[in-house]
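Visitor: Okay, here's the prediction I keep looking at, along with the sequence it came from:
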Amino acid sequence: MLEIKGLKKTIGGSEILKGVDLAIGKGDVMAVLGPSGGGKTTLLRCLNYLEKADAGEMTFLGQRMDMPGMSRRDIAAYRRHTAFVFQSYNLFSNKTALQNVTEGLIVARKMEKAQAEERALAALERVGLADKRDSYPNQLSGGQQQRVAIARAVAGEPDVIFLDEPTSALDPELIGGVLEVIRQLAEDGMTMIIVTHEVNFARHVSTKVLFMDEGRALAMAPTGEFFQEQKLERIQTFFRSLDRKEG
Ligand SMILES: Nc1ncnc2c1ncn2[C@@H]1O[C@H](COP(=O)(O)OP(=O)(O)O)[C@@H](O)[C@H]1O
Ligand SMILES: [Mg+2]
């Protein structure tokens, strides 16, 4: 459903993405792994046109698009099919959980308030936070705020959700609840591309793994295959360094 060919991005004179290819089908959950600075965030931001790629071709739902050539209108139309979950939640601090979820539906999707609220409540229920509908972000834990952000993503009924290290800003005891919500979405068939350092999560929940290093996709494989017969020295070294960190 989403295929990328030859994605390149230069920022401030250095080439951050050096020609990345990837492909996912409907219902796939792609885990993007790799060392810090490898280009994972830039890749995800280009996929949602938060950054404009310098080169690359995207095929989405059967439609082929030249990534640098996308007009603002093309991008707005594309974004109605996607959602983005940030590491730092990016909620409006002066809006309640419910208002954070309805905002995009009312403003961007021109939905009527009552209908938007109905959708938003269903989404909050899906992440286990219907009872927090009237709470403001500062009254919620980091984990709860991220679950509101996920509800906001889900409420737009996107075809694909991009998540950039959704649990990296959280205290360890709050990570599990957020991963559980994402696991449930995966089980429900939501298509996702998720940058994560949670290797166990990637192993058990993702269907595909993309390994990024120095602006290149070093590997893209079905998850079982990726973890079973990992032959690339660079990737083995990466996993050994994680083992050391985890003691
Ligand atoms: N806005 C920016 N300005 C300058 N350099 C950037 C910018 N965004 C990313 N980079 C550089 O691009 C490289 C990849 O960054 P990033 O995509 O954030 O990697 P990752 O998410 O894998 O850690 C890093 O070397 C980073 O310093
Ligand atoms: Mg990053």
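Guide: Alright, I've got the coordinates. Ligands and ions are numbered 1, 2, ... in the order given.

Visitor: residue ranges of the strands in this structure, please?
Guide: 2-11, 14-24, 29-33, 55-60, 63-66, 82-85, 160-164, 192-195, 208-213, 216-222 (DSSP state E).

Visitor: Point out the residues in this protein that sit beside ligand 2.
Guide: 40-41 (CB under 5 Å from the ion). (Each C-beta comes from the backbone N, C-alpha and C, glycine too.)

Visitor: if we go to 6 Å?
Guide: For the chain, the residues in contact with ligand 2 (CB under 6 Å from the ion) are 40-41, 165.

Visitor: Would you mind giving the residues you listed as a markdown table with pLDDT added?
Guide: Putting these into a markdown table (pLDDT from 0 to 100) gives the following:
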| residue | pLDDT |
| --- | --- |
| 40 | 98 |
| 41 | 97 |
| 165 | 96 |
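
Visitor: Now render the strands of the chain as TSV, adding mean pLDDT and distance to residue 234.
Guide: Shown next, in TSV, are the strands of the chain (pLDDT from 0 to 100; distance: least, CB to CB, whole Å):
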stretch	mean pLDDT	distance to residue 234
strand 2-11	98	20
strand 14-24	97	15
strand 29-33	98	12
strand 55-60	98	23
strand 63-66	96	31
strand 82-85	97	28
strand 160-164	98	22
strand 192-195	98	18
strand 208-213	96	6
strand 216-222	95	6
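
Visitor: Nearest to residue 124 among the ones you listed would be which one?
Guide: With CB to CB as the measure, strand 82-85 is the member of these nearest residue 124 (14.9 Å).

Visitor: Mind listing what's buried along the closest one?
Guide: 82-85 (16 or more other CB atoms under 10 Å).

Visitor: Pick out the least confidently modelled helix or strand of the chain, by mean pLDDT.
Guide: Scoring the helices and strands of the chain by mean pLDDT, DSSP states H and E places helix 233-245 at the bottom, with a mean of 85.

Visitor: Would you enumerate the residues in contact with residue 142?
Guide: 89, 169-171, 174 (CB atoms under 8 Å, 6 or more residues apart in numbering).

Visitor: change it to 10 Å
Guide: Counting by CB atoms under 10 Å, 6 or more residues apart in numbering, residue 142 touches 88-89, 167, 169-171, 174-175, 178.

Visitor: buried subset of those residues?
Guide: Buried among the contacts of residue 142 (16+ other CB under 10 Å): 89, 167, 169-170, 174-175, 178.

Visitor: of all those residues, which comes closest to residue 195?
Guide: residue 167 (10.6 Å).
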